[in-house]
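> From the sequence below, what's the structure:
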Amino acid sequence: MKRVFDILFSSVGLILLFPFFILICLSIVLDSRGRIFYKQVRVGKNNKDFYLFKFRSMRTDADKKGLLTVGGRDSRITRVGYFIRKYKIDELPQLLNVFIGDMSLVGPRPEVRKYVDMYNTEQKKVLTVKPGITDYASIEYSNENELLGKAQDPEKVYIEEIMPAKLKLNLKYIAEQGVATDIKIILKTVAKILC
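Reported below is the predicted structural model:
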């Protein structure tokens, strides 16, 4: 049932948003040099790597200066990038990840291998389900960049405080998962973006 839900909504989303995608692509091209799309290896279900797609919101090779985005004004983010990040538009290409089956609309956000390798046995349970575009943790930590921007050591704060808290919320989702839970999370995500 969940897979049918994912295929239906991702395909409808990709079709309806296609004209909007064209505008975003043009904006990215006109704003800065580099590719339109950004892909990064993330860890998915059963601990398998896959490529996650986003609209590029940072300057080329920005991830070589760190995997975490810190503060609302990270100098690596382009002008268009600030806008598409604020409204989570950069995440929309992940509808393609959902359509091809790497991800689900709702599920634990996929992490990079560096951080997944730090998970304990309990935390690794998040790898038993498909990762998603949104989840409880995405809603709760929608201001993660700002939190890290205020930290003296962002990496340490992420590893010791934010990541464990997000993983607890991921495990909560796994315990409660179902169509009703997914719809609730999608509605909460939309409300959070619009507020």
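> Let me know whether Q40 touches L52 as I believe.
Yes. The pair Q40 and L52 passes the contact test of C-beta atoms under 8 Å, sitting 5.4 Å apart. Every C-beta, even on glycine, is put in place using the N, C-alpha and C of the backbone.
> Which one of those two is surrounded by more residues?
L52 (24 against 13; other C-beta atoms under 10 Å).
> so who does the more buried one touch?
Contacts here follow C-beta atoms under 8 Å, 6 or more residues apart in numbering; on that basis L52 touches 39-42, 94, 97, 102-103, 110.
> mean confidence for whatever helix or strand it lives in?
Secondary structure assigned from DSSP states H and E places L52 in strand 49-55. For strand 49-55, mean pLDDT is 98.
> In its sheet, which strands sit next to it, and in what direction?
strand 37-43 (antiparallel) (DSSP bridges).
> Between the two ends of stretch 124-136, how far is it?
Distance across stretch 124-136, first residue to last, is 17 Å (C-alpha to C-alpha, to the nearest Å).
> Give the other helices and strands that the helix or strand where L16 lies contacts.
In this structure, L16 sits in helix 2-31 according to DSSP H and E. Applying 3 or more C-beta pairs under 8 Å, 6 or more residues apart in numbering; DSSP states H and E, one finds that helix 2-31 contacts strand 49-55, helix 79-86, helix 94-100, strand 104-106, helix 179-194.
> ranking those by burial, who's on top?
Among the helices and strands packed on helix 2-31, strand 104-106 has the highest mean neighbour count (mean count of other C-beta atoms under 10 Å), at a mean of 26.
> got any ranges where this structure has weak pLDDT?
Counting by pLDDT under 70, the chain shows low-confidence ranges at 61-73.
> Could you rerun that using 90?
Scanning the chain for pLDDT under 90 picks out 1, 58-77, 82, 85-87, 142-152, 154, 192-195.
> on that earlier part again, Serialize the helices and strands packed on helix 2-31 to TSV and add fields for distance to Y141.
Below are those laid out as TSV (distance: least, C-beta to C-beta, whole Å):
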stretch	distance to Y141
strand 49-55	17
helix 79-86	14
helix 94-100	17
strand 104-106	16
helix 179-194	11
